[in-house]
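Colleague: after the sequence you'll find the predicted model.
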Amino acid sequence: MVTEVLEVTMKQNNMFDIHNIRKDFPILHRTVNGKPLVYLDNGATAQKPKVVIDAITNYYTNQNANIHRGVHTLSREITIAYEEARKTIQTHINAQHAHEIIFTRGTTESINLVAHCFGKINVSAGDEIVITQMEHHSNIIPWQQLCEEKQAVLKYIPINEAGELVLEDLQKLITSKTKLIAFTHISNTLGTINPVKDIIKTIRSLSSAAVLIDGAQAVPHLKPNVQDLDCDFYVFSGHKLFGPTGVGILYAKELWLNKFPPYQTGGGTIKTVTLEKTEFADSPLKFEAGTPHIEGGIGLAAAIDYVNRIGLDAIEAYEQQLMHYATEKLLAIEGVRIYGSAKYRTSVISFNVGTIHPFDVGTLLDKYGIAIRSGHHCTQPICQFYGIPGTIRASFAFYNTMEEIDLFIEALKKSIRLLS
Ligand code: 7TS
């Protein structure tokens, strides 16, 4: 009943037609263990619409050539297509210049690139870097490594029981030695949407530290506006945004890219090479050594065009309904504890049931065709905060339905009965 009412409301609001959307994703029609696939592991990676799969197939069928190095037609055509893809990403996140968009392998590589290059020019012994207790390991380890190497100090903004950042501590944490502050836009484990714009405003009023935002979990749900946020760096992965794996984005303000040394060197990064020395090209080429993931960039642009046709506002509104519906159903089950009750949350729900191990629940749910993630989700400090080994995490995308949530809840109840 609730499902029908919601779907009617969505259609009346002319948001989108979920049944047609599902037709765009071929994988959603397969079965797993004899049951229809219910894919609720979107936080790990999202499924791909046919337009993305077609863009990749078309690349290999009709366009394959290397970029930036051939005078022949195929090479020129694909160079134009790749640079158009860069512009699509620039427009999507409202970067001022296309050369502020660097293609990387993903969020992890983007963060490593910044840690490496920023560290080389701007971090010395005694300097400080601030991150938070809710970061993915990919936004912790590169900073730990850098601080160890440079004998700099790594500080953490703590979280509270609701899974929100304790921002009152910001003033105490930021000092004249703070060189960079890195934090996630949305927590992959708790779903918390951090008030990024306000945090950056506060940082700017206190310090001249650079700011890096990890947008890996944000971009599938909202459209970041990097100029409005006024961040120095914004990073994300293609595969969580319905695009291909192995491609990601580093947005960096031009001023940093002009100052940064190259991250990796080699073909494609240079203006001239003599036996004595190398003069490097300007950004983005300076940061894109070797043949890039060409079909990845093109596939990511196709994914961005696709979500923009649906509209990220409509997507976010629908996902909020999924999240509230699932939360209500989960809380009605005895023994369920949800981690993360921030005021602003996205469609990620982490929970445990009594003392049952998350892996046992995940394994049983799989028998019913339900894909969720169980474990620490590469956020061990969050698990340590709550004193748990991990959680069961259901993460929803706009192609999920209320019916799928019903199937998930029924399968969960059966699993709990078997495990109790
Ligand atoms: N940052 C956040 C906030 C993430 O959620 C992830 C991946 C990463 C960085 C790393 O992204 P990658 O594409 O470079 O691997 N998060 C998850 C997850 O929650 N489950 O699997 C991967």
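Modeller: Okay, I see it.

Colleague: every contact and neighbour count from this point should use C-alpha atoms.
Modeller: Will do.

Colleague: residue contacts, I270?
Modeller: 278-281, 285-286 (CA atoms under 8 Å, 6 or more residues apart in numbering).

Colleague: cool, and N258?
Modeller: N258 makes contact with 282-283, according to CA under 8 Å, 6+ apart.

Colleague: span of stretch 154-161 from start to end?
Modeller: 23 Å (CA to CA, to the nearest Å).

Colleague: with stretch 214-231 instead?
Modeller: 11 Å.

Colleague: residue numbers of the stretch 101-250 of the chain in contact with the ligand?
Modeller: Residues of the stretch 101-250 of the chain lying close to the ligand by CA under 6 Å from any ligand atom are 106-108, 136, 138, 184, 187-188, 214, 216-217, 237.

Colleague: by neighbours, which of those residues wins?
Modeller: S237 (31 neighbours; other CA atoms under 10 Å).

Colleague: how about the contacts made by it?
Modeller: S237 neighbours (CA under 8 Å, 6+ apart): 105-107, 216, 245, 247-249.

Colleague: repeat for T272
Modeller: Counting by CA under 8 Å, 6+ apart, T272 has contacts 278-280.

Colleague: now with 7 Å, please.
Modeller: Counting by CA atoms under 7 Å, 6 or more residues apart in numbering, T272 touches 278-279.

Colleague: that one pairs with what?
Modeller: Bridge pairing for T272 (DSSP bridges) gives the partners E279.

Colleague: give me the distance between it and the ligand.
Modeller: 32 Å (CA to the nearest ligand atom, to the nearest Å).

Colleague: now do L40
Modeller: 11 Å.

Colleague: who touches that residue in this structure?
Modeller: 371-372, 394-396.

Colleague: now do it, the pLDDT please.
Modeller: L40 carries a pLDDT value of 98.

Colleague: ok, now R69?
Modeller: For R69, the predicted pLDDT is 80.

Colleague: and M10, by the same measure?
Modeller: For M10, pLDDT reads 50.

Colleague: reformat the contacts of I270 as JSON lines; add distance to T178, pLDDT and neighbour count.
Modeller: Converted to JSON lines, the contacts of I270 look like this (distance: CA to CA, whole Å; pLDDT from 0 to 100; neighbours: other CA atoms under 10 Å):
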{"residue": "T278", "distance to T178": "33", "pLDDT": "96", "neighbour count": "14"}
{"residue": "E279", "distance to T178": "32", "pLDDT": "96", "neighbour count": "12"}
{"residue": "F280", "distance to T178": "30", "pLDDT": "96", "neighbour count": "19"}
{"residue": "A281", "distance to T178": "30", "pLDDT": "95", "neighbour count": "15"}
{"residue": "L285", "distance to T178": "30", "pLDDT": "96", "neighbour count": "20"}
{"residue": "K286", "distance to T178": "27", "pLDDT": "97", "neighbour count": "25"}
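
Colleague: not counting sequence-adjacent ones, nearest residue to the residue of the stretch 1-150 of the chain found nearest the ligand?
Modeller: Among all residues of the stretch 1-150 of the chain, A44 sits closest to the ligand, at 3.3 Å; criterion: CA to the nearest ligand atom. In space, and not counting its chain neighbours, A44 is closest to K240: 7.1 Å by CA to CA, 6 or more residues apart in numbering.

Colleague: show the pLDDT at the spatially most central residue of the chain.
Modeller: In the chain, the centroid-proximal residue (CA atoms, centre = their mean) is A216; its distance is 1.3 Å. pLDDT recorded at A216 is 98.

Colleague: right, and it touches T107 too?
Modeller: Yes. Using CA atoms under 7 Å, A216 is in contact with T107, at 6.4 Å.

Colleague: which residues are common contacts for the two?
Modeller: 235-237.

Colleague: between the residues you listed, which is nearest the ligand?
Modeller: S237 (4.8 Å).

Colleague: need phi/psi at that closest one.
Modeller: Main-chain dihedrals, S237, degrees, to the nearest 10: phi -110, psi 150.

Colleague: the contacts of S237 in helices, which ones?
Modeller: Per DSSP state H, helices hold the following members of those: T107.

Colleague: residues touching H68, list them.
Modeller: Counting by CA under 7 Å, 6+ apart, H68 has contacts T79.

Colleague: what helix or strand is it on?
Modeller: Assigned by DSSP states H and E, H68 falls within no helix or strand.

Colleague: re earlier: which of the contacts of L40 has the most neighbours?
Modeller: Neighbour-wise, the contacts of L40 (other CA under 10 Å) top out at S395, 28 neighbours.

Colleague: dig out what it forms beta bridges with.
Modeller: Listed beta-bridge partners, S395: D41, V348 (assigned using DSSP bridges).

Colleague: that one reaches S350, doesn't it?
Modeller: No. Shown here, S395 and S350 do not form a contact pair, counting by CA under 7 Å, at 8.4 Å.

Colleague: could you check the pLDDT of the residue nearest to Q144 when sequence neighbours are not counted?
Modeller: Closest residue to Q144 apart from its sequence neighbours, by CA to CA, 6+ apart: L154 at 6.8 Å. Note for L154: predicted pLDDT of 98.

Colleague: which of the three states applies to L154?
Modeller: Assigned with DSSP: H, G, I helix; E, B strand; the rest coil, L154 falls in the strand class.

Colleague: ok, now R393?
Modeller: Criterion first, three-state DSSP; result for R393: strand.

Colleague: re the thing from before, from what I can see the residue nearest to Q144 touches T132, true?
Modeller: No. Judged on CA under 7 Å, L154 makes no contact with T132 at a distance of 9.9 Å.

Colleague: can you show me the helices along the stretch 251-400 of the chain?
Modeller: With DSSP state H, counting those that start in this stretch as the criterion, the stretch 251-400 of the chain has helices at 254-259, 294-310, 312-331, 358-367, 380-386.

Colleague: please identify the deepest-packed of the ones you listed.
Modeller: The highest average neighbour count among the helices of the stretch 251-400 of the chain, using mean count of other CA atoms under 10 Å, belongs to helix 294-310 at a mean of 22.

Colleague: count residues in the vicinity of D198, would you?
Modeller: 11.
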